[in-house]
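>>> the sequence and its predicted three-dimensional model are supplied below.
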Amino acid sequence: MDFVSRFFTVPAQTCFLFGPRGTGKTTWLRHQLPDALFLDLLDPRLHRSLEARPERLRELLAGAPDATTVVVDEIQRVPELLTVVHAILEEPSPPRFVLTGSSARKLRRGGVDLLGGRALHRTLHPFMAAEVPDFDLARALANGLVPLVTGAPDPESALDGYASLYLDQEVRAEGLTRNVGDFARFLEAIAFSHGALLNLAAVARECEVTRKVVTSYVD
């Protein structure tokens, strides 16, 4: 799939850019900010280095004195970096930081520094219909509009893989629920509520769990 323009602009000031996995945050930022200093925390070597000593971020900035924008991709992998970023933002003429992650939930649960209001919070969602040049309603209803899925040669298989990845990395790994089977049934049931009023009691009956459990899943 070719690069698709989005109805979204990067704020002029430091910001968090959240969004589900596969929405194209990294690809979009590399296209929009080609001159930025890009720090990808999925890079094993960089991740190990900054995890061991978060203050090494200052050394990286010193090595790119002309960089006015710094992108830290997957910030939740080294949340201690936020303390260093906060200190840098307090200094004269700091660079603009764009800090990406799949969700603010893990950062909040860890009690880390969220920059004390010095950063905007923005979310990059899946495609809107008007952003897709060859939009097809039936295909969108069947497979959704997550860029990782819509751009795949086999969207149905990609969607299955995406759901499994979400259950493994976002639910099981973070301990959001002890019963992944119940949560998987919840995902199937709530999919039928897309675009309609959400009836939590009906979803709970379909999943054979309590309404309180469904409410926690939605939250």
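Structure's in. What do you need?
>>> so which residues of the protein form helices?
Per DSSP state H, the chain carries helices over the ranges 25-32, 44-52, 56-62, 81-89, 105-109, 137-143, 147-150, 155-165, 180-191, 200-207, 211-218.
>>> quick one: closest of those helices to Thr123.
Thr123 lies closest to helix 25-32 among those, at 9.7 Å (C-beta to C-beta). Where C-beta positions appear, they are placed from N, C-alpha and C, glycine not excepted.
>>> show me what the closest one is packed up against.
Other helices and strands packing on helix 25-32, by 3 or more C-beta pairs under 8 Å, 6 or more residues apart in numbering; DSSP states H and E, are strand 37-40, strand 69-73, strand 96-101.
>>> what comes up buried for it?
Lys25, Thr26, Trp28, Leu29, Arg30, Gln32 (16 or more other C-beta atoms under 10 Å).
>>> columns mean neighbour count, mean pLDDT and distance to Phe135 on top of the helices and strands packed on helix 25-32, output as a markdown table?
What follows is those, written out as a markdown table (neighbours: other C-beta atoms under 10 Å; pLDDT from 0 to 100; distance: least, C-beta to C-beta, whole Å):
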| stretch | mean neighbour count | mean pLDDT | distance to Phe135 |
| --- | --- | --- | --- |
| strand 37-40 | 18 | 98 | 31 |
| strand 69-73 | 22 | 98 | 28 |
| strand 96-101 | 24 | 96 | 26 |
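>>> mind putting these into a markdown table with distance to Leu115?
Output for the helices and strands packed on helix 25-32, formatted as a markdown table (distance: least, C-beta to C-beta, whole Å):
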| stretch | distance to Leu115 |
| --- | --- |
| strand 37-40 | 17 |
| strand 69-73 | 12 |
| strand 96-101 | 8 |
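>>> from Leu17, how far out is the residue nearest in space to the middle of the chain?
Relative to the mean C-alpha position of the chain, the nearest C-alpha, by C-alpha atoms, centre = their mean, is the one of Ser102, at 2.1 Å. Relative to Leu17, Ser102 is positioned 10 Å away (C-beta to C-beta, to the nearest Å).
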